[in-house]
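Student: Give me a model of this one.
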Amino acid sequence: MTLSASPADPPRPDRFKDRIRALYEDETAQAQRFRYGLLAFDVTTIAFVVATSFLPRQAAIEVIDFVIGLALLTDFSARLWIARRPWRELSHPLTWADLIAIVSFLAPIVGEGGGFLRVLRTLRLMRTYQLVKQLRGDSAFFRKNQEIIFAATNLCVFIFVMTGIVYETQHRTNPGIANYVDALYFTVTSLTTTGYGDITLPGTTGRLISVLIMIFGVTLFLRLAQVLFRPTKVRFPCPTCGLQRHEPDAVHCKACGTVLNIPNED
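Tutor: Sure, this is the predicted structure:
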């Protein structure tokens, strides 16, 4: 007598796929640790990119590049595999940023640096906003300063990406840009419109990069300043009109008058 598989038990590949999806999407302790691990890996990857800009290219660095590239490729493949709409996932700009970053890490093993493309890996940090709910539950500091953290993260990501672009487009030809610190110095002075003039980016490309830094950087900087100096409010969606921000001691929604019952953080 042959026992048939229970219809309630999915085939083994589906069970494995469900376990992988659970790591990326569920709210279990294991899934939360996994997502924190991904965030730590992203930050470590960024630190590695910055640190190696001060070092000559060596075989050991290229091997580490390749290992990181394989890890990123594994993460990317898993996210694409569990996606309920893979083509929609592939059409997302950050997905293409991930692909470019993966190629730039794998390329050095065959002799191509692809240096500045690596900074696009920084955009992966934006995808960790899926941790927002988890961070709200784990950290009272995050709940209280969520908008400031987001604004600061956006500004830092922009600074890092533009610093990488400045470094990779200039360090071979511009004596003023020798490493990431020089590129960071130029980016920040341009962003703040200080313009000391000791480092400039010559040529049409250099001027266009400077313009982008000033326009977009100032906008992000002003957004951070606005959040920092705006009166403190709590985030609580009004059940009637959906207004999100209210005074800490608000009893009624100032837009529609609905009783709010905002819970005390304690």
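Student: Could you identify the longest helix within the chain?
Tutor: Longest helix in the chain by number of residues, with DSSP state H as the criterion: helix 203-229.
Student: and that one, which residues are buried?
Tutor: By neighbour count, and taking 16 or more other Cβ atoms under 10 Å as the criterion, the buried residues in helix 203-229 are 206, 209-210, 213, 217, 220-221, 223-224, 227. Just so you know, the C-beta spots here come from the backbone N, C-alpha and C atoms, and that holds for glycine as well.
Student: Out of the residues you listed, the closest to residue 143 would be?
Tutor: Using Cβ to Cβ, residue 227 comes nearest to residue 143 of these, at 14.9 Å.
Student: Verify the stated contact: that closest one with residue 146.
Tutor: No. Contact status for residue 227 versus residue 146: not in contact, 9.7 Å apart, counting by Cβ atoms under 8 Å.
Student: Hmm, residue 214 is touching residue 192, no?
Tutor: No. Taking Cβ under 8 Å as the definition, residue 214 is not a contact partner of residue 192, at 9.1 Å.
Student: Any regions of the stretch 51-200 of the chain where pLDDT drops low?
Tutor: Per-residue confidence for the stretch 51-200 of the chain (pLDDT under 70) gives these ranges: 108-134.
Student: and if we set it to 90?
Tutor: Scanning the stretch 51-200 of the chain with the threshold set as pLDDT under 90 gives 51-69, 72, 75-76, 79-80, 82-181, 183-184, 190-200.
Student: where do the helices sit along it?
Tutor: Per DSSP state H, counting those that start in this stretch, the stretch 51-200 of the chain has helices spanning 59-82, 86-90, 93-106, 124-127, 132-138, 140-144, 146-170, 180-191. These are given in chain order.
Student: To residue 200, which of those lies closest?
Tutor: Comparison of those against residue 200 by Cβ to Cβ identifies helix 180-191 as nearest, at 8.2 Å.
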